[in-house]
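Colleague: Provided below are the primary sequence and the corresponding predicted coordinates.
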Protein chains: 2
Amino acid sequence: MGERPREIETLIDMMARLPGLGPRSARRAVLHLIRKRAVLLAPLAEALRRVAETVRECPRCGNVTTADLCEICADDRRANGEICVVEDVADLWAMERGGAFKGRYHVLGGTLSALDAVGPADLRIPDLVQRVRDEGISEVILALNATVDGQTTAHYIAEELTGTGVAITSLAQGVPIGGELDYLDDGTISAALKARKGF
Amino acid sequence: MGERPREIETLIDMMARLPGLGPRSARRAVLHLIRKRAVLLAPLAEALRRVAETVRECPRCGNVTTADLCEICADDRRANGEICVVEDVADLWAMERGGAFKGRYHVLGGTLSALDAVGPADLRIPDLVQRVRDEGISEVILALNATVDGQTTAHYIAEELTGTGVAITSLAQGVPIGGELDYLDDGTISAALKARKGF
């Protein structure tokens, strides 16, 4: 076919690597961007550049932030005694949309996986144990996805925390089997949090 | 909820304005970008910046290009006598994927629309008439979408071109290759029946 400019091909290839976009929708998105050059293309480039330059991982909890500590770790009004353990930032956002949890978070960044060679140190699990000791935590809520990997990771963390004296809970059944937090409605997440039980 | 950094909110809002992405998929895409910061986020920002800086409209046909003329207008091997008129660049790309057309293009940039106040001059229709006269065109193929607006625009262009002596054709209408009658709309079946040909 008549070749597209290399710059456009590169952009289409990259857009097609985003979740939810394939080659066809990436082409449509890129043409849309070119048509809306002034109001969307240049501002989007700038927004991406700013995120690339300013966003980092919160050293305490693993949330995304542009400051030294993330908004949640830095918020004095949040309860200090509770840590909610989530797999990734999308799950943290999902929990926050529910609005039922007022404590702190710990973002693992994934789940244990023998297949993908993901071990405890890759998941900030030692950091979690350290935080439980240092911050005087009374309860750790394991809000991991109801998948095999998520539950394997939950059991591993529970074992690591025995001996610290902390109460370990998990989200109530009510989270559908095989479901992922980021896809759940807010009400279900709130209900599951309220009905949490001993792990 | 615990606030997300403003930079991330801005990026999510912009991504959600792309066709095919909503607020939820935009959140997922942005988190994916942050996780793949080195290999995707920064390169995507750079790719967008380059497209914003280099891509322009081909002054002859309206295709996207980074040069003075687009690849197709600048290609000596393509037939000079035929112009294929399409609504936008996505349609040009679709025609080129087919690979059956070896002539030149003219991209209107939309269709005539009284509702949206789109007139002939907004669609480069005067440019098309000028090209037909200047470039010694023998055939204009109207490859506009089979929608009401597309066909209105096709009729308008055909009227504008009467008197130039150019042959005006349009894409055949009928049953798509691989199409099943049971799944086709009535209009398509009627059109295919009217245009039936010897077997």
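Modeller: That came through, no problem.

Colleague: Run through the strands of chain A in chain order.
Modeller: With DSSP state E, the ranges of strands along chain A come out as A:56-57, A:64-65, A:82-86, A:104-107, A:139-142, A:167-170, A:197-198.

Colleague: mind putting those in JSON lines, mean pLDDT and distance to chain B included?
Modeller: Every residue, glycine included, has its C-beta placed from N, CA and C. Formatted as JSON lines, these follow (pLDDT from 0 to 100; distance: least, C-beta to the nearest C-beta, whole Å):
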{"stretch": "strand A:56-57", "mean pLDDT": "93", "distance to chain B": "9"}
{"stretch": "strand A:64-65", "mean pLDDT": "94", "distance to chain B": "6"}
{"stretch": "strand A:82-86", "mean pLDDT": "96", "distance to chain B": "11"}
{"stretch": "strand A:104-107", "mean pLDDT": "96", "distance to chain B": "8"}
{"stretch": "strand A:139-142", "mean pLDDT": "95", "distance to chain B": "15"}
{"stretch": "strand A:167-170", "mean pLDDT": "94", "distance to chain B": "20"}
{"stretch": "strand A:197-198", "mean pLDDT": "74", "distance to chain B": "25"}
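
Colleague: Include mean neighbour count when you put the ones you listed into CSV, please.
Modeller: Formatted as CSV, those follow (neighbours: other C-beta atoms under 10 Å in any protein chain shown):
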stretch, mean neighbour count
strand A:56-57, 16
strand A:64-65, 23
strand A:82-86, 24
strand A:104-107, 25
strand A:139-142, 22
strand A:167-170, 19
strand A:197-198, 8
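
Colleague: can I get those strands in CSV with distance to B:Ala146?
Modeller: What follows is the strands of chain A, written out as CSV (distance: least, C-beta to C-beta, whole Å):
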stretch, distance to B:Ala146
strand A:56-57, 51
strand A:64-65, 47
strand A:82-86, 50
strand A:104-107, 51
strand A:139-142, 56
strand A:167-170, 56
strand A:197-198, 60
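
Colleague: Give me the contacts around stretch A:172-186.
Modeller: For stretch A:172-186, the external contacting residues (C-beta atoms under 8 Å, 6 or more residues apart in numbering or on different chains) are A:86-87, A:90-91, A:93-95, A:97-99, A:143, A:145-147, A:188-189, A:191-197, B:24, B:27-28.

Colleague: Of these, grab the buried ones for PyMOL.
Modeller: Paste this into PyMOL to select the buried members of the contacts of stretch A:172-186, with burial taken from 16 or more other C-beta atoms under 10 Å in any protein chain shown:
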select buried, (chain A and resi 86+87+90+91+93+94+95+97+98+143+145+146+188+189+191+192+193+196) or (chain B and resi 27+28)
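
Colleague: Out of the contacts of stretch A:172-186, list just those in helices.
Modeller: A:90-91, A:93-95, A:97-98, A:188-189, A:191-194, B:24, B:27-28 (DSSP state H).

Colleague: Grab the two from the residues you listed that are most spread out in space.
Modeller: A:Lys194 and B:Arg28 (26.6 Å; C-beta to C-beta).

Colleague: Can you name the residues in contact with stretch A:162-170?
Modeller: Stretch A:162-170 has contacts (C-beta under 8 Å, 6+ apart) with A:129, A:132-133, A:137-144, A:154, A:157-158, A:161, A:196-199.

Colleague: for the spatially most central residue of chain A, what are its contacts?
Modeller: Of all residues in chain A, the one closest to the mean position by C-alpha atoms, centre = their mean is A:Val89, 1.7 Å from it. With contacts defined as C-beta under 8 Å, 6+ apart, A:Val89 is in contact with A:62-64, A:107, B:31, B:34.

Colleague: of all the residues you listed, which comes closest to B:Arg56?
Modeller: Ranking these by separation from B:Arg56, with C-beta to C-beta as the measure, puts B:Ile34 on top at 31.6 Å.

Colleague: so that closest one makes contact with A:Val55?
Modeller: Yes: when contacts are counted by C-beta atoms under 8 Å, B:Ile34 is listed as touching A:Val55 (6.0 Å).

Colleague: residues shared between the contacts of the two?
Modeller: Both B:Ile34 and A:Val55 are in contact with A:64, B:8, where contact means C-beta under 8 Å, 6+ apart.

Colleague: Tell me how many other residues surround the closest residue to A:Asn63 other than its chain neighbours.
Modeller: By the measure of C-beta to C-beta, 6 or more residues apart in numbering or on different chains, the closest residue to A:Asn63 outside its immediate chain neighbours is A:Cys70, 4.0 Å from it. Close neighbours of A:Cys70, defined as other C-beta atoms under 10 Å in any protein chain shown, add up to 28.

Colleague: And A:Glu160, by the same measure?
Modeller: Summarising burial for A:Glu160: neighbours were counted as other C-beta under 10 Å, giving 15.

Colleague: For it, give its distance to chain B.
Modeller: Distance, A:Glu160 to chain B, by C-beta to the nearest C-beta, to the nearest Å: 25 Å.

Colleague: Let's see the pLDDT reported for the closest residue to that residue other than its chain neighbours.
Modeller: The spatial neighbour of A:Glu160 that comes closest, neighbours along the chain excluded (C-beta to C-beta, 6+ apart), is A:Val129 at 5.5 Å. Among the per-residue scores, A:Val129 holds a pLDDT of 95.

Colleague: wouldn't A:Gly81 be in contact with A:Val140 here?
Modeller: No: A:Gly81 is not in contact with A:Val140 according to C-beta under 8 Å; the separation is 10.1 Å.

Colleague: From the contact counts, what lies against the helix or strand of chain A with the lowest mean pLDDT?
Modeller: Using mean pLDDT, DSSP states H and E, strand A:197-198 stands out as the lowest-scoring helix or strand of chain A, at a mean of 74. The helices and strands touching strand A:197-198, judged by 3 or more C-beta pairs under 8 Å, 6 or more residues apart in numbering or on different chains; DSSP states H and E, are strand A:167-170.
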